[in-house]
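**Q** predicted coordinates and the sequence they were generated for:
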Amino acid sequence: FETGSLSGKTVVITAGPTREAVDPVRYISNHSSGKMGYALAQAAIDAGAKTILISGPTGLPVPDRVQHIPVISADDMYRESLVHAVDCQLFIAAAAVADYRPAVLAEQKIKKGADDEMVIRLVKNPDIVAAVAALPQGQRPFTVGFAAESECLLQHARGKLERKNLDLIIANDIVAEGIGFNSDDNAVTVIDKSGELALDKQSKSGIARQLIALLAKKLPASGTN
Ligand code: PMT
């Protein structure tokens, strides 16, 4: 990890969960704590980057000197990500974005009815990292995703790398004990067209520092996004 290896660069990181409102008091979400994304933001700052953290609701303190953009829903995160992605050189999607949201947002609190079942119809959210990767040349940053998988980790991660047209993906096993969602440690495999690299279990800040060092080397030397 070289101090200053990202100086002059702007890095945008998405982090944490999104919340998809069902009614004024309820939402659909997931167990992301934001720890991985916030650790990446700290490492990017330490490497000298201007760092923008677009974060869903977390209880975490924002690292000093990081520009923090709080969001709630996937739609909010999508909008803010596209505003900032066009002016950055590196975009890292560490957020656990809800793939679906309720089709209808009830204006009033939904009352318990007589039925034992209730159905909430969901519609697909926009794919943020895929939209960033689809930006035209000159606006498109080096685009990095995570793949949180509970089975066939590397195979599914490679599929996402291709389908979303990413430059690199970080495969994250979310069933192994003590890593992944909401833990302090992580273990990941970095995958791009040049191959695969496993980073062994360690603190999320250790993983983040290794990832930022590696990404700094992979960024195009200069020029356009
Ligand atoms: O937050 P922590 O508790 O520290 O946990 C870390 C983590 C497990 C959340 C993180 O390391 C991680 O794996 N983040 C990605 C979680 C995820 O939602 O993965 P996915 O396989 O569903 O999505 C693949 C990629 O597409 C991700 O980069 C995701 O940010 C992105 N995506 C997904 C859906 C969507 N609508 N828009 C997106 O940009």
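**A** Received the coordinates, thanks.

**Q** for residue 120, see how far away the residue nearest the centre of the chain is.
**A** What sits nearest the mean C-alpha location of the chain, by C-alpha atoms, centre = their mean, is residue 94, with 2.0 Å. Using C-beta to C-beta, to the nearest Å, residue 94 is found at 27 Å from residue 120. The way it works is simple: take the backbone N, C-alpha and C, and place the C-beta from them, glycine included.

**Q** now residue 76
**A** Taken as C-beta to C-beta, the span from residue 76 to residue 120 is 20 Å.

**Q** interface residues of the chain facing the ligand?
**A** 14, 32-36, 74, 93-97, 99, 125, 127-129, 145-148, 160, 172, 174, 180-182 (C-beta under 6 Å from any ligand atom).

**Q** how about the helices in this structure?
**A** 35-46, 74-85, 128-133, 153-163, 204-218 (DSSP state H).

**Q** looking at the ones you listed, which is buried most?
**A** helix 35-46 (a mean of 26; mean count of other C-beta atoms under 10 Å).

**Q** can I get it as PDB, trimmed to CA atoms?
**A** Extracted in PDB, the C-alpha atoms of helix 35-46 (Å, rounded to 0.1, in the frame of the first residue of the first chain):
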ATOM      1  CA  LYS A  35     -18.200  -2.000   7.300                       C
ATOM      2  CA  MET A  36     -16.600  -3.200   4.000                       C
ATOM      3  CA  GLY A  37     -17.500  -0.100   2.100                       C
ATOM      4  CA  TYR A  38     -16.500   2.300   4.900                       C
ATOM      5  CA  ALA A  39     -13.100   0.400   5.200                       C
ATOM      6  CA  LEU A  40     -12.600   0.900   1.500                       C
ATOM      7  CA  ALA A  41     -13.400   4.600   1.800                       C
ATOM      8  CA  GLN A  42     -10.800   4.900   4.600                       C
ATOM      9  CA  ALA A  43      -8.200   3.100   2.500                       C
ATOM     10  CA  ALA A  44      -8.900   5.300  -0.500                       C
ATOM     11  CA  ILE A  45      -8.500   8.400   1.600                       C
ATOM     12  CA  ASP A  46      -5.200   7.000   3.000                       C
END
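
**Q** contacts for that helix, please.
**A** The contact list for helix 35-46 (C-beta atoms under 8 Å, 6 or more residues apart in numbering) reads 1, 3, 6, 11, 13-16, 51, 53, 55, 58, 60, 62-66, 90, 92, 94-95, 146, 172, 182-184, 186, 203-205, 207-209, 211-212.

**Q** quick one: which of those sit in strands?
**A** 11, 13-15, 51, 53, 55, 90, 92, 146, 172, 186, 203 (DSSP state E).

**Q** okay, who's weakest in those by pLDDT?
**A** The member of the ones in strands among the contacts of helix 35-46 with the lowest pLDDT is residue 172, at 92.

**Q** from residue 129, how far out is the residue lying farthest from the centre of the chain?
**A** Centroid-distance maximum for the chain: residue 114 at 40.2 Å, with C-alpha atoms, centre = their mean. Look at residue 114 and residue 129: by C-beta to C-beta, they are 43 Å apart.

**Q** which residues of the chain score low on pLDDT?
**A** 1, 222-225 (pLDDT under 70).

**Q** one more time with 50, if that's ok
**A** 223-224 (pLDDT under 50).

**Q** contacting residues for residue 203?
**A** 39, 184-186 are the contacts of residue 203 under C-beta under 8 Å, 6+ apart.

**Q** which one of the residues you listed is nearest the ligand?
**A** Nearest to the ligand out of those is residue 186 (C-beta to the nearest ligand atom; 6.5 Å).
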